[in-house]
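**Student:** When you get a sec, could you give me coordinates for this:
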Amino acid sequence: MSRKAQRGKNNRPLTRPMRARVHSRCSKTGKQRYYDQLEAMIALQSTFQTDKGKRQERRFYRCPFCRGWHLTSQELRLAPTG
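**Tutor:** Residues are numbered from 1 along each chain as shown. So this is what the prediction gives:
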């Protein structure tokens, strides 16, 4: 399949190309900010295919400071039950 978008009956692309967003950084943590959960999930998936010698991101979470989404290499810690 070619890299060109497939075209429908009226010669318009069937899907809109995704525009890359410029990610800002959280002013409190300095981490890269993803605008929604889907972007963070896609970014996390892409880290699984990178060099294994580097820090391995394990999950994403909602930042209480910037209200964006970040990746972290820390496992999820559950509060002890009573």
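
**Student:** list the contacts for Lys28?
**Tutor:** 63, 65-66 (Cβ atoms under 8 Å, 6 or more residues apart in numbering). For the C-beta atoms, the positions are set from N, CA and C on the backbone; glycine is no exception.

**Student:** Are any of those buried, and if so which?
**Tutor:** Neighbour-count burial within the contacts of Lys28 applies to 63, 66; the criterion is 16 or more other Cβ atoms under 10 Å.

**Student:** will you turn the contacts of Lys28 into CSV that also has pLDDT?
**Tutor:** Output for the contacts of Lys28, formatted as CSV (pLDDT from 0 to 100):
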residue, pLDDT
Cys63, 95
Phe65, 94
Cys66, 94
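
**Student:** remind me which residues of the protein are low pLDDT?
**Tutor:** Across the chain, the ranges flagged by pLDDT under 70 are 1-22, 50-53, 82.

**Student:** ok, 90 please
**Tutor:** Counting by pLDDT under 90, the ranges of the chain that qualify are 1-24, 46-57, 76-82.

**Student:** ok, which stretches of it are strands?
**Tutor:** 59-62, 69-72 (DSSP state E).

**Student:** if you compare those strands, which one is most tucked away?
**Tutor:** strand 69-72 (a mean of 20; mean count of other Cβ atoms under 10 Å).

**Student:** Return the list of helices and strands in contact with it.
**Tutor:** For strand 69-72, the packing partners by 3 or more Cβ pairs under 8 Å, 6 or more residues apart in numbering; DSSP states H and E come out as helix 37-47, strand 59-62.

**Student:** isn't Gln74 right up against Arg58?
**Tutor:** Yes - under the criterion of Cβ atoms under 8 Å, Gln74 makes contact with Arg58 at 6.9 Å.

**Student:** Ser27 reaches Cys63, doesn't it?
**Tutor:** No - here Ser27 does not reach Cys63: they are 10.4 Å apart, not a contact under Cβ under 8 Å.
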